[in-house]
Structures are given as C-alpha cells and as structure tokens.
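# What would the 3D arrangement of this be:
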Amino acid sequence: MKQRKYPVEIIKQVVGIDISKDTLVAGYGTLSINQEQKITPAKTFDNNLSGFRELISFTKKNKGTLTAPLYFVMEATGVYYENLAYFLTEKHLKVIVVLPNKTKNFSKTLDIKSKTDKLDAQMITQFGLERQMQPWQVPSPLMKALKALTREYNSIKRMAAQVKNQIHAKEYSYEPLKESLKRSKATLSVFQKQLKEIEKQLKELVQNDSDLNDRINKIDKIEGVGFMTVVSIVAETNGFALIENTKQLTSYAGLDVVHNESGLKKHKTTISKKGNRFLRQAVYMPALSACKHNQRLKHTYIRLVIKKNIKKIAIVAVARKLLVLIYTIFKKNVDYVPNYIPA
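Here you go, the predicted structure:
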C-alpha cells in the first residue's frame, strides 16, 4: 500500500464519528504544526462489531505511518455510542465522548448550510482537531451495574403501569373474563416482586460504597425525591463525570429551552428533548411530587402556571431546578437545605 507523505509535521489526528442506532459515519482529520487542517470525506459503517473493525481499518489506511496522537471523538447520543466507546477503549485507543450541546454550539460557528450525517462527522472531526478535551472515563463496574439495574427497573415499572391500567379497564368493563383478569393480576404480582428485588440489589450496591451512599442519602432528603430517582440520575450521568456546569446538565437531559424566533415572528418555546431520555424521565415524576411537597418549588410552579397558563411548562421548569439541585448537592457533597434552590 502506498503510504501518504506529510511534508509538514502532524501534531494531532482525529476520527470524528456521528453515531445513530444502526450506523457510524466517520471522518478522519489531521492538524499540522502550522495549524493547517485536512479532513477526509466521511465514510459510513454499521454500528456493530463488524463495522467497528472496518472503522479501525479505515483509520489505519488514513493514518499510514503517522505517530501523532490519535483521538476518536463522538457524541454522547443516548446509548448508541457505548458499544463503540468500550470497543475502542479495550484496544487502548484514546476515546473522547462529548455532550451534544458542545458540538452543536461549535457547529453554529461554521459556515455549514446543510445538515447530513457525513457533514456532522466532518464537523465533529474539526471540533476534535481544534479543541482540547478530557479522555472518556470508562464507567466503573459499580456505575455500569447501577445503570443496567435502574434501566431494568424503570422498564419493568412502565410495564407494570400498563398492566395496572388493563386491570382497571377489565374490572370496570361489562362481565369481564375472570381468567383474563386473574392472569393480569398474576403478571402484575410478578412485576412488583421484580421491582422489589432490583431495588434491594441497588441499595446493597450503593451501601457497599460509603462515599456514594453518603452523597445519595443527602439528596434523598429532598421533598419529592426518592432513592430510585437519585440512583437513576447518578447512573445515567456516570456520577456527573462529563458534566462541567448546570447548563451542560440541562442540555444533556434535553431540558434546555429552545427559542424559535425570526424577525418579528415569535413561535412557541419548547425544550429540546435531544438529551438523555432516561435522565429526563427520571426527574419528571419527582418534579410532579415536588410541586406539591417542596414549598419553594411549589411556589415556582404556581408562579409559572399563572404567568404562562400552561402547566407542562411549569412542571418542566421545576424538573430542571430539581435536577440542578441534585447535581449541586452531589458534586459539592453538601447537606440539603430545605427550600433552597440554586439560581
């Protein structure tokens, strides 16, 4: 194979990867000592083991004999990046996982008028070449177990809620089949037993780590927030490892506000919902409870309902404040002060 020639010293190499459920789109770029960038056209691979191996071959072909530091940069898009990140880390390659809001803000500074997966991959590559970033921290066995168990718990909880609704509908229907109702109740009983088992396992895991247990117990004192809420949020953020500030946190949860204005037109303001849906779901129901039992958040809720006349906007605002409060207590390892909400 003919090797590429680089007359100017290369000081950095980046493979920028745009990841979706089924595919990886990767671009390769170099940065010279003169700050000159070169980025190849992006190539698409399957998001599976075969595709990962093809990505390595693609990288080796572009890399040639270069010895400059090589980084694989990707966004923390739901769960779809995880298998690739673990695969590359196990091969002792440098992996950087960034929150989507960072690349989104970076893309706004570029003169890119279209949006495709291949353009996004090249944008991520350029982002990696220009920015200094912290390597991805592989979740500890404890954090990995907490994430798996909390997701299993929340999945079973949703199924249990569906079965409860089915039982309610059957009980109030005309002459329901007794056998069908019996089976539904038996199914619900199984789900409830599994939920208790998972919660018990989670508590045992947390109690074995004194520092984590202490932090979670402090957060557990917030009105409307329970153990499962706290452990779910901690697990989904890997103990807030990638989070540097509250703005990043709300963006990662998809609770950041999106304004839609153009000229004199002002459209409906929404939340992005582009973050981690598990994190967003974990804080939503506790927010409903906090609106009733936490006096400061209750005041916020009532004020926004009066101002906006839309309850959902008020609940989302409370969810955002609640998430920030949990983050602050966990990171600073301080006691919860009732009714205090950081700005």
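# Now for the chain, the helix or strand with the poorest mean pLDDT.
strand 261-262 (a mean of 44; mean pLDDT, DSSP states H and E).
# tell me which element Met285 falls in.
For Met285, the host element (DSSP states H and E) is helix 277-293.
# got the buried residues for that helix?
The neighbour-count check on helix 277-293 (16 or more other C-beta atoms under 10 Å) flags 278-280, 282-287, 289-291 as buried. C-beta here means a position set from N, CA and C on the backbone, and glycine is covered the same way.
# other SSEs contacting it?
helix 141-171, helix 227-236, helix 295-308, helix 311-332 (3 or more C-beta pairs under 8 Å, 6 or more residues apart in numbering; DSSP states H and E).
# what's downstream of the second one, the next helix or strand?
Following the chain from helix 227-236 toward its C-terminal end, the next helix or strand by DSSP H and E is helix 246-252.
# Check which helices and strands that next one sits against.
Counting by 3+ C-beta pairs under 8 Å, 6+ apart, helix 246-252 packs on helix 100-107, helix 311-332.
# change it to 6 Å
helix 311-332 (3 or more C-beta pairs under 6 Å, 6 or more residues apart in numbering; DSSP states H and E).
# Flag every buried residue along the helix it packs on.
Quick answer for helix 311-332 (16+ other C-beta under 10 Å): 313-330.
# Could you do stretch 156-167 as well?
156-157, 160, 163, 166-167.
# Tell me how many other residues crowd the closest residue to Ile112 other than its chain neighbours.
Excluding its sequence neighbours, the residue lying closest to Ile112 (C-beta to C-beta, 6 or more residues apart in numbering) is Leu119, at 6.1 Å. For Leu119, the count of nearby residues is 18 (other C-beta atoms under 10 Å).
# any idea how far Leu119 lies from Phe106?
13 Å (C-beta to C-beta, to the nearest Å).
# Next: Phe191.
44 Å.
# Also Ala160?
Separation of Ala160 from Phe106 (C-beta to C-beta): 42 Å.
# Confirm Gly16 sits in a strand?
Yes. The assignment for Gly16 is a strand, going by DSSP: H, G, I helix; E, B strand; the rest coil.
# beta partners of it?
Per DSSP bridges, the residues bridged to Gly16 are Gly27, Val73.
# Tell me who's in contact with it.
Residues near Gly16 by C-beta atoms under 6 Å, 6 or more residues apart in numbering: 27, 73, 121, 124-125, 128.
# Let's have the residues you listed in CSV, adding pLDDT.
What follows is the contacts of Gly16, written out as CSV (pLDDT from 0 to 100):
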residue, pLDDT
Gly27, 97
Val73, 97
Ala121, 95
Ile124, 96
Thr125, 96
Gly128, 96
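# quick one on the thing from earlier: give me the distance between the residue nearest to Ile112 and Ala148.
In terms of C-beta to C-beta, Leu119 sits 34 Å off from Ala148.
# quick revisit: ok, so of the buried residues of helix 277-293, who is nearest Leu88?
Distance to Leu88 across the buried residues of helix 277-293 (C-beta to C-beta) is lowest for Phe278, with 23.0 Å.
# For Val15, see how far away that closest one is.
Counting by C-beta to C-beta - Phe278 and Val15 are separated by 27 Å.
# Let's see the pLDDT reported for the spatially most central residue of the chain.
When C-alpha atoms, centre = their mean is applied to the chain, the residue found nearest the centroid is Asn276 (3.2 Å). As predicted, Asn276 sits at a pLDDT of 81.
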